[in-house]
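S.K.: My questions are about this predicted structure, shown below with the sequence.
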Amino acid sequence: MMKKFEFVAGTPKSDMIMGLCFPIGFMFPILLTYLLSFYSGMITYKVHPLFKFLVFSPSLVISYLIMKKIRKSVAKKFIVYIDKINIRVVENEKEIMVGKILFCKIKSNHDKLVKVDIGIDNRKISFISRPKEYKTITGATSFNPFGISDISDMNQLLTLGKDVQDIIEKRGGLDFPT
C-alpha cells in the first residue's frame, strides 16, 4: 500500500537563503532611497516628516515585493511516496531521493515550526515548514516573513513524519540505526 504526501516546505538551504536575503532585501532599497534623496538635496533637517515618509514609502513597497519574491523562490513543492520501507521524494516534479528508510526525527513547535529529518542509505533530507500566518497571544493573525507553508502543508509534513516513525517502530528498529 503506497502512501502519498504533498506539501510545500523548505530545506535548511532555503532557510539560510531567507535568513541572509531578507535583511538585505529590506534594507537595500531604503538605504538607496536615503542616499539618493540626501545627495540630491531633497532631505535636509528642515524638511517636514510627512515628506520624508512619502519619499520612503516606495522603498518599503519595493522591499516587500523583494521579500515576497524571495519567499516564492525558496518554497518547494514536495511529493513523498512511501511504499512499505521505501521512500521516494520528488521536489518540484524532479526526483531527488529514493531508497530504504533508515531513520526519522521530528521537531514540532505547535503551529510555529515543523521540521522532519528522514534518512536513507547514506543521505538525509530535511523538510522545514513555517506558517505564512500564525495566531498571536491575543488571537489575531500575524504575518510571518519566514513562513512559506499553509497549516495544511504543516499537517501533511507532520503526518509524514509520524507515518515514517510508525514504519520504523513496526520493523522493530533492527534494520534502522538511529
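M.R.: Sure, I can see it. Note that the coordinates shown come from a computational prediction; the quantities given were computed from them, not determined experimentally.
S.K.: Now do stretch 86-106: distance to the chain's middle.
M.R.: Centroid separation between stretch 86-106 and its chain, computed with Cα atoms, centre = their mean, to the nearest Å, is 18 Å.
S.K.: tell me the mean pLDDT over it?
M.R.: The average of the pLDDT scores along stretch 86-106 is 92.
S.K.: what sits up against it?
M.R.: Outside of stretch 86-106, the residues that reach it under the criterion Cβ atoms under 8 Å, 6 or more residues apart in numbering are 76-82, 85, 114-121, 123, 125, 158, 161-162, 164-165, 167-168, 175-178. C-beta coordinates here come from the backbone N, C-alpha and C atoms, glycine included.
S.K.: shaky segments in this structure?
M.R.: When residues are selected by pLDDT under 70, those of the chain lie in 43-45, 172-178.
S.K.: ranges for the strands of it?
M.R.: Along the chain, counting by DSSP state E, strands occupy 2-9, 76-83, 86-91, 94-109, 113-120, 123-129, 133-135, 141-143.
S.K.: Save the ones you listed as JSON lines, and put in mean neighbour count too.
M.R.: Listed next are these as JSON lines, based on neighbours: other Cβ atoms under 10 Å:
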{"stretch": "strand 2-9", "mean neighbour count": "17"}
{"stretch": "strand 76-83", "mean neighbour count": "17"}
{"stretch": "strand 86-91", "mean neighbour count": "18"}
{"stretch": "strand 94-109", "mean neighbour count": "15"}
{"stretch": "strand 113-120", "mean neighbour count": "21"}
{"stretch": "strand 123-129", "mean neighbour count": "19"}
{"stretch": "strand 133-135", "mean neighbour count": "14"}
{"stretch": "strand 141-143", "mean neighbour count": "10"}
